[in-house]
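Trainee: based on what follows, work out the 3D shape:
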Amino acid sequence: MPAALGFATIALFLLLTMTKRVSVLVALVVLPVLAALAGGSGGELGEMVLDGLSKVAPTGIMIAFAVLYFSLMVDAGLFDPLIRGLLRLAKGDPLRVTVATAVLTLCVALDGDGASTFLITVSALLPVYRKLGMSPLVLSGVVCLGAGVMNMIPWGGPTVRAMAALKLESSDVFTPVLPAMGFGIAWVLVASWLIGRRERRRLGALTGPGDEAATATGEPVPATAPRSDDEPVPARPPAPGDEPVPARPPAPGEGPGAVRVAAPTPRRLTLFNLLLTVVLVVALILEVMPLPVLFVLGFAVALPVNHPTWEQQQALLDRHAKNVVLVTIMIFAAGVFTGVLTGTGMIDDMAEALVSVIPDSLGGHLPVLVAVTGMPLSLVFTPDAYYFGVLPVLAETSHGFGTDPAEVARAAVLGQMTTGFPLSPLTAATFILVGMSGVQLGEHQRFIFRWAFATTLVMTAAAVLTGALSL
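Mentor: From the prediction side, this is the model:
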């Protein structure tokens, strides 16, 4: 009964969110509560919800202050040189920008933390995408691909869990699949090129052949008559008796719809922001302090330096409050979802049910089966539930068929909460990615699922060819 309720809850969640019948927030909270009531666990509901909320509270706090910190830095122009550099290298070409997104994500994701990877890459690249008119789904999707394959590193969550659950070493789990991971990285670059080519065609169809200059420079070109660089086109032909109007560009703030140009950030302040951000990123990688503490301290230091007056500080908080609320409430809603499913025992029963349906005829092919199914099952099981609940049973089953349990561990990290974690509603980091990118979870899943699944298939084939997995 709990297993059936659990599978039904997750299936209904995916159906409702991907078809946009209800918001993700409502589905995350209401569906597990209804499942708990249907399963007779209503008396323990409050305790389970609080337990789930308490587990995600540090993540919610970290995200709130991280969004504020990086929003402050974006406003201060810290990422402007990077944006200009990318635009120069890409020459306004969406294909090049997309591939650059993949490369940057692959580098940043070396820290093994999905949350910080999404915070840094989306904060730096979203202004570029907006400037070029590119779809934010491309940004969230390509970042998802890069972060997913890099989550296989030995200090990443899935590999650490696999080694701990089966009492294995990195040389048993990660080293044999390193060539397969290389193939996965190559596929991510190929996929980003294909996605970027499609986005280039889409933007080309929107702008038309007459707007090629806009695409080449990355600057939006208004749909008006062409004009020279020195003289604006008058709004109407001059009438007799009109005074001549000097041909000069309008000053900032003049006229309806005029762009207000912010004063440039002093170089001294830019250097301070750069140094503070570098120190913060290094501290994140070295885990000098818990992540929430680092971002709280970082924002508390950066805010008064960049905005000395109370009015300026309040204006910044007002300006970015919406983004903070939208992201953090999803984190806490996900805590309700996982807290109830775990507290009612649905997750554990689902793990047992999954193992029980594997036929004996597939026992000898269990590693490949685990690899192929690992990525889709990221949408069903939390990392702890899979690696500490499902994986040991699968490993023991494979051992009975004469297969080394280490192969099952290698197979699991090819997809389960690696390529699949940036799509899963069961991880808080997913909501950081979609929240900061400004896309809906269902849209994100529909857009990138097949590409992420293809990453797992490519790495599985490579693992078989290199001997890391046996057929």
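Trainee: please make it C-alpha for all contacts and neighbour counts, starting now.
Mentor: Fine.
Trainee: averaging pLDDT per element, find the lowest-scoring helix or strand in the protein.
Mentor: Least confident helix or strand, the chain: helix 212-217 with a mean of 43, by mean pLDDT, DSSP states H and E.
Trainee: now do the buried residues in the helix or strand that comes right after it.
Mentor: Per DSSP states H and E, the first helix or strand lying C-terminal to helix 212-217 is helix 267-286. Going by neighbour count (16 or more other C-alpha atoms under 10 Å), the buried part of helix 267-286 is Thr270, Asn273, Leu276, Thr277, Leu280, Val281, Leu284.
Trainee: show me the contacts for the fourth one.
Mentor: Read it as Thr277. The contact partners of Thr277, by C-alpha atoms under 8 Å, 6 or more residues apart in numbering, come to none.
Trainee: gap between it and Val142?
Mentor: Per C-alpha to C-alpha, to the nearest Å, Thr277 is found 24 Å from Val142.
Trainee: how about the fifth one?
Mentor: Remark: distance between Leu280 and Val142 (C-alpha to C-alpha) = 25 Å.
Trainee: just the first one next, same as before
Mentor: Note on Thr270: its distance to Val142, by C-alpha to C-alpha, is 29 Å.
Trainee: same question, Ala315
Mentor: Distance from Ala315 to Val142, by C-alpha to C-alpha: 33 Å.
Trainee: who's more crowded, these two?
Mentor: Comparing Ala315 with Val142 by other C-alpha atoms under 10 Å, the one with more neighbours is Val142, at 29 against 12.
Trainee: pretty sure that one contacts Ala102?
Mentor: Yes. Counting by C-alpha atoms under 8 Å, Val142 does reach Ala102; the two are 5.9 Å apart.
Trainee: can you pull the residues that touch both of the two?
Mentor: With C-alpha under 8 Å, 6+ apart as the test, Val142 and Ala102 both reach Val188, Ser192.
Trainee: give me the number of residues near Ser192?
Mentor: Using other C-alpha under 10 Å: Ser192 sits among 29 other residues.
Trainee: can you check the one 4 residues further on too?
Mentor: Other residues within reach of Gly196, judged by other C-alpha under 10 Å, total 22.
Trainee: Pro136 too?
Mentor: The burial count for Pro136: 20, using other C-alpha under 10 Å.
Trainee: same check, this time on Glu199
Mentor: Using other C-alpha under 10 Å, the number of residues around Glu199 comes to 19.
Trainee: with Thr338 instead?
Mentor: For Thr338, using other C-alpha under 10 Å, the count is 26.
Trainee: what are the phi and psi angles of it?
Mentor: With angles defined as degrees, to the nearest 10, Thr338 sits at phi -70, psi -30.
Trainee: let me see the contact set for it.
Mentor: Each residue near Thr338 by C-alpha under 8 Å, 6+ apart is listed here: Gly52, Thr382, Leu426.
Trainee: how much space between Val355 and Thr460?
Mentor: Val355 is 20 Å from Thr460, by C-alpha to C-alpha.
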